[in-house]
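>>> Please find the sequence and the predicted model below.
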Amino acid sequence: MTYLPFSRPDIDEHTIEAVSQVLRSGWITTGPYVTKFESALSSYVGGRKVRALTSGTAALEIALMIAGVGKGDEVIVPAMSFAASANVILRRGAVPVFVDVELASRNLNVSLLEAAISSRTRAVMPVHFAGLPVDMDRLLQIARKFDLRVVEDAAHAIGSEYRGRRIGAFGDIACFSFHPNKNMTTIEGGAIACNHADEARLIEVERFHGIERHADGNIDVISAGGKFNLSDVSARIGLAQLERLDAFGKRRRELASIYFHELSADPPGILPEAGDEGHCWNMFTLLLPFDRLGMTRTQFQQAMGKRGIAIGVHYPCIPGLTLYRQLDYREERFPIASRIGRETVTLPLFPAMTDDDVRRVCSTLRGVLANRS
Ligand SMILES: *Cc1c(COP(=O)(O)O)cnc(C)c1O
């Protein structure tokens, strides 16, 4: 019996060979491959300016900085996401203002957005959950009306399209992650897509010690910058992954459609929204009513694990996490995100899976739920 993780990166021999060449070249940190990677990503997102960083989290934090988010500002963020989405707001000295999400899409409920805006709101951070795009036309329209910056957490959404345009190809500032669980990887890494040359330059300064290079070759330090520059080794992996991204996406969509085929007739719980061909399917998540099933999620995960299938949890509701409870947030104020946080399970989904792997996940899941008592 082969063990199925819920996610697995796909690194081919060509990539390993290409990385070996970088390792042997004598230049392994930020250099020509980062530049090539950034321009390849830029072409991928319709020519917007792209700068690579060491993680999606660094991308979000720096994006908030260049969006002018600082002490006391409010940033609107969905209550259902990875904690990083809200943590970076706190790290800027700003205040996360959570809004609830929709049950099927798991995405920020755009109709709750206006009610969450105050005179201190500086930005909104939509999260394209599992790669399903948020209704960006509506969201950008509201952001324009209230003069808010839009920092997209597109960690799941490299390769997704909204109304025929790639995520990252339009809008204000979009942040990607290249963690191994995302649709393409650089091991660790991330990137920002933005519109303005001066913002791209600010990212360059902030990701490398606040250093500014003058035309005459001299350098100066103009801010207390951090250290978030990607290595050429990582960028070389990213270049090879980007070439395969559309093929990965095609396979992920095929696997998701088999999940729907296997689960739709007699759904064991609430299936995710199917989306359209623009959905990049970073994850396939299911809501199971553990209250009524007579088993806990941990018991379910253990039972599936014993049968060789890993089940993930993405994610607990952010306001219910200890840090946020200590800051006086209340999970109960976000009933949908709270329910998703209790009921969600992530089924295995990665390009190297076979059709039969998906069928095995579904039949094992039905068996485990049937023998619950
Ligand atoms: C993975 C992820 C991040 C953080 O990306 P890293 O590259 O791991 O720092 C942020 N937000 C969401 C929604 C994510 O899934």
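Alright, I've got the coordinates. Residues are numbered from 1 along each chain as shown.

>>> Pull the number of nearby residues for the residue in the chain that the ligand sits nearest to.
As assessed by CB to the nearest ligand atom, the ligand sits closest to G56 within the chain, at 2.6 Å. Every residue, glycine included, has its C-beta placed from N, CA and C. Applying other CB atoms under 10 Å, we find 28 residues neighbouring G56.

>>> Over to A143?
For A143, using other CB under 10 Å, the count is 22.

>>> mind checking the SS state of it?
helix (DSSP: H, G, I helix; E, B strand; the rest coil).

>>> bridging residues for the closest residue to it other than its chain neighbours?
Nearest residue to A143 in three dimensions, chain neighbours excluded: V150, at 4.9 Å (CB to CB, 6 or more residues apart in numbering). Note on V150: beta-bridge partners by DSSP bridges are V124.

>>> V150 contacts D137, doesn't it?
No: counting by CB atoms under 8 Å, V150 sits too far from D137 to count as a contact (12.0 Å).

>>> more neighbours, the two?
V150 (22 against 11).

>>> any idea of the pLDDT on the more buried one?
Turning to V150, the model gives it a pLDDT of 98.

>>> that older thread, just the pLDDT for the residue of the chain closest to the ligand.
For G56, pLDDT reads 98.

>>> Roughly how far does it sit from A370?
38 Å (CB to CB, to the nearest Å).

>>> Could you tell me which residues make contact with P5?
With contacts defined as CB atoms under 8 Å, 6 or more residues apart in numbering, P5 is in contact with A310, P348, F350.

>>> any idea how far L347 is from it?
Distance from P5 to L347, by CB to CB: 11 Å.

>>> just to revisit the earlier point, not counting residues beside it along the chain, what's closest to the residue of the chain closest to the ligand?
S177 (2.6 Å).

>>> thinking again about what came up before, for the residue of the chain closest to the ligand, give me its contacts.
A84, D153, A155, C175, F176, S177, F178, H179, K182, G189, G190.

>>> can you list the residues you listed in JSON lines and add distance to the ligand, neighbour count and pLDDT?
Shown next, in JSON lines, are these (distance: CB to the nearest ligand atom, whole Å; neighbours: other CB atoms under 10 Å; pLDDT from 0 to 100):
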{"residue": "A84", "distance to the ligand": "4", "neighbour count": "20", "pLDDT": "98"}
{"residue": "D153", "distance to the ligand": "5", "neighbour count": "30", "pLDDT": "99"}
{"residue": "A155", "distance to the ligand": "3", "neighbour count": "29", "pLDDT": "98"}
{"residue": "C175", "distance to the ligand": "8", "neighbour count": "30", "pLDDT": "99"}
{"residue": "F176", "distance to the ligand": "8", "neighbour count": "31", "pLDDT": "99"}
{"residue": "S177", "distance to the ligand": "3", "neighbour count": "31", "pLDDT": "98"}
{"residue": "F178", "distance to the ligand": "7", "neighbour count": "33", "pLDDT": "98"}
{"residue": "H179", "distance to the ligand": "4", "neighbour count": "20", "pLDDT": "98"}
{"residue": "K182", "distance to the ligand": "6", "neighbour count": "26", "pLDDT": "98"}
{"residue": "G189", "distance to the ligand": "7", "neighbour count": "30", "pLDDT": "98"}
{"residue": "G190", "distance to the ligand": "5", "neighbour count": "28", "pLDDT": "98"}
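
>>> Out of those residues, name the ones that lie in strands.
D153, C175, F176, S177, G190 (DSSP state E).

>>> Tell me the buried residues in stretch 11-18?
For stretch 11-18, burial by neighbour count (16 or more other CB atoms under 10 Å) applies to I11, T15, A18.

>>> in what helix or strand does the residue lying closest to the second one once chain neighbours are set aside lie?
In space, T15 comes closest to A240 once its chain neighbours are excluded; the distance is 4.0 Å by CB to CB, 6+ apart. With elements taken from DSSP states H and E, the one containing A240 is helix 232-263.
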